[in-house]
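A.B. asks: no sequence for this one, just the structure:
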């Protein structure tokens with residue numbers, strides 16, 4: 001298991017990210033980027049807004065222009081302490097002033113800007129009212145790979161998060177499943193993730209028996225029964241970077257059909273992971289997994305994409321799905337998680353995080369992918 005605390009990102013790291021983002025925006029024909037509180041702002045500056053505030057906070061990035069963070073005056077001291085503060089200018093505003101008029105001089109009055117996806121509509125409409133000739137496009141649409149390729153320090157954090165999730169799985173297999181509520185087992189998963197270093201738990205899915213046919217079933221009061229297949233899917237953030245893994249276990253001895261379905265999913269997942277290499281399209285990873293499941297007669301029961309990117313959030317571009325022609329490049333990290341879901345009966349999913357290397361792919365999860373028997 002990866003141990004220790006990685007060195008923090010520096011002001012130079014954040015400056016390099018902001019400079020690269022501004023250049024990428026210019027290359028995409030944008031006048032700049034407008035980044036609201038959320039994962040993009042944290043990744044670019046290291047600044048985590050203290051609360052979900054309604055007051056405008058906005059990072060303005062444009063090629064040839066000093067990065068500027070427009071921030072409420074009462075939050076400016078916290079912003080000034082962020083790791084990337086020295087790489088940007090702070091422009092604060094006080095209640096009673098119009099923050100959009102304060103921001104307007106930083107923008108090309110007729111430019112087209114990329115806007116982070118989680119920006120408040122209130123703020124975007126305020127900017128449009130102040131600068132009616134500007135236009136906007138979502139950051140994911142304009143620069144889907146802004147955070148998609150990870151550097152060595154980011155990969156170290158992702159590996160540590162993956163190792164912590166693996167340790168969690170090894171421990172949860174030791175607990176009693178039969179006769180207990182799904183939500184109680186989910187609570188244990190969350191406790192274990194924190195025990196192994198996660199500062200944030202995003203999800204702990206425990207999907208037993210017929211609930212396993214719902215890929216995003218929220219654990220509830222259902223009591224796990226002897227003979228249940230149980231899909232476990234859990235993850236969160238460690239050192240600011242994500243984990244996400246799925247394994248399927250069985251309470252007692254499985255039937256021949258349950259073993260067969262699990263074997264098909266495992267074959268599909270292994271083949272898709274083995275297919276990862278630079279130059280192939282994201283959709284090719286999906287195609288490999290989907291063909292195996294379809295050829296086995298279960299294609300209609302594989303009802304979601306094969307994978308999603310992961311980084312400072314547990315779901316982000318790129319996506320492993322038909323129609324996504326983005327080629328894989330070294331440093332990309334994403335899940336590979338095919339599944340089969342039989343309505344009213346059971347489901348199976350197996351998931352690892354994979355990073356693209358110079359000559360193939362490397363899994364960041366290493367726990368056994370066989371059908372584990374639990375009590």
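C.D. replies: That came through, no problem. Given the structure is predicted, the values throughout are model-derived calculations rather than measurements. Numbers count the residues shown, from 1 in each chain.
A.B. asks: residue contacts, residue 45?
C.D. replies: Residue 45 makes contact with 14, 18, 59, 67, 69, 82-85, 87-88 under the criterion C-beta atoms under 8 Å, 6 or more residues apart in numbering. Quick note: C-beta positions are derived from backbone N, CA and C, even for glycine.
A.B. asks: residue 334: which element?
C.D. replies: Secondary structure assigned from DSSP states H and E places residue 334 in strand 333-336.
A.B. asks: could you name the helices and strands sitting against that strand?
C.D. replies: Using 3 or more C-beta pairs under 8 Å, 6 or more residues apart in numbering; DSSP states H and E, the elements in contact with strand 333-336 are helix 256-275, helix 282-295, strand 307-309, strand 316-320, strand 352-356.
A.B. asks: out of these, which is closest to residue 373?
C.D. replies: helix 256-275 (10.9 Å; C-beta to C-beta).
A.B. asks: what does the closest one contact?
C.D. replies: Under the contact criterion C-beta under 8 Å, 6+ apart, helix 256-275 has outside partners 229, 248, 250, 254, 284-286, 288-290, 292-293, 296, 298, 306-307, 320, 336-340, 342, 346, 348-352, 354, 361, 363, 369-371.
A.B. asks: the inter-axis angle of it versus strand 352-356?
C.D. replies: Relative orientation of helix 256-275 and strand 352-356, computed by axes from the mean of the first three to the mean of the last three C-alpha atoms, to 10 degrees: 20 degrees.
A.B. asks: quick one: average pLDDT of helix 256-275?
C.D. replies: Averaging pLDDT along helix 256-275 gives 98.
A.B. asks: likewise stretch 171-178?
C.D. replies: Taken as a whole, stretch 171-178 has a mean pLDDT of 97.
A.B. asks: tell me the confidence at residue 281?
C.D. replies: Residue-level confidence at residue 281 comes out at 98, pLDDT.
A.B. asks: quick one: contacts for the nearest residue to it once chain neighbours are set aside?
C.D. replies: In this structure, residue 281 finds its nearest non-sequential neighbour in residue 325, 4.8 Å apart by C-beta to C-beta, 6 or more residues apart in numbering. Contact criterion C-beta under 8 Å, 6+ apart gives 281-283 as the residues in contact with residue 325.
A.B. asks: make a PyMOL selection of whichever of those turn out to be buried.
C.D. replies: Under the burial definition 16 or more other C-beta atoms under 10 Å, those of the contacts of residue 325 that qualify are selected in PyMOL by:
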select buried, resi 281+282+283
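A.B. asks: buried subset of the contacts of helix 256-275?
C.D. replies: 229, 248, 250, 254, 284-286, 288-290, 292-293, 296, 298, 306-307, 320, 336-340, 342, 346, 348-352, 354, 361, 369, 371.
A.B. asks: nearest to residue 24, out of the contacts of residue 325: which one, please.
C.D. replies: Nearest to residue 24 among those, counting by C-beta to C-beta, is residue 282 at 18.9 Å.
A.B. asks: need the strands for the stretch 101-250 of the chain, in chain order.
C.D. replies: Along the stretch 101-250 of the chain, counting by DSSP state E, counting those that start in this stretch, strands occupy 112-115, 135-138, 200-208, 229-238, 241-242, 245-251.
A.B. asks: given the shortest one, what are its sheet partners and their directions?
C.D. replies: Translated: strand 241-242. Each strand that strand 241-242 pairs with, and the sense of that pairing, follows from DSSP bridges: strand 229-238 (antiparallel).
A.B. asks: tell me the angle the partner strand makes with strand 245-251.
C.D. replies: Computed by the same axes, to 10 degrees, the angle separating strand 229-238 from strand 245-251 equals 150 degrees.
A.B. asks: quick one: mean pLDDT over strand 229-238.
C.D. replies: 98.
A.B. asks: can you check stretch 331-338 too?
C.D. replies: Stretch 331-338 shows a mean pLDDT of 98 in the predicted model.
A.B. asks: quick one: that stretch to chain centroid distance?
C.D. replies: Between the centre of stretch 331-338 and the centre of its host chain there is 10 Å, according to C-alpha atoms, centre = their mean, to the nearest Å.
A.B. asks: over to stretch 113-125?
C.D. replies: Stretch 113-125 has its C-alpha centroid displaced from the chain centroid by 20 Å (C-alpha atoms, centre = their mean).
A.B. asks: what lies in contact with that stretch?
C.D. replies: For stretch 113-125, with C-beta under 8 Å, 6+ apart as the criterion, the contacting residues are 25, 28, 30-41, 54, 56, 58, 100, 107, 134-140, 142-143.
A.B. asks: now, of those residues, which are buried?
C.D. replies: By 16+ other C-beta under 10 Å, the contacts of stretch 113-125 give 25, 30-41, 56, 58, 100, 107, 134, 136, 139, 142-143 as buried.
A.B. asks: thinking again about what came up before, give me the buried positions along the strand holding residue 334.
C.D. replies: 333-336.
A.B. asks: picking up where we left off before, tell me how far the residue nearest to residue 281 lies from residue 305.
C.D. replies: Residue 325 is 14 Å from residue 305, where distance means C-beta to C-beta, to the nearest Å.
A.B. asks: what's the answer for residue 51, then?
C.D. replies: Between residue 51 and residue 305 the distance is 33 Å, computed by C-beta to C-beta.
A.B. asks: higher neighbour count, these two?
C.D. replies: Applying other C-beta atoms under 10 Å to residue 51 and residue 305 shows that residue 305 carries more neighbours, namely 20 against 8.
A.B. asks: identify the residues contacting that one.
C.D. replies: Listed by C-beta under 8 Å, 6+ apart, the contact set of residue 305 reads 286, 319-321.
A.B. asks: any idea how this structure splits into domains?
C.D. replies: The chain breaks down into these structural domains: 11-142, 152-374 (assignment by automatic domain parsing).
A.B. asks: now the end-to-end length of the longest one.
C.D. replies: Which is domain 152-374. The distance separating the two terminal residues of domain 152-374, taken as C-alpha to C-alpha, to the nearest Å, comes to 37 Å.
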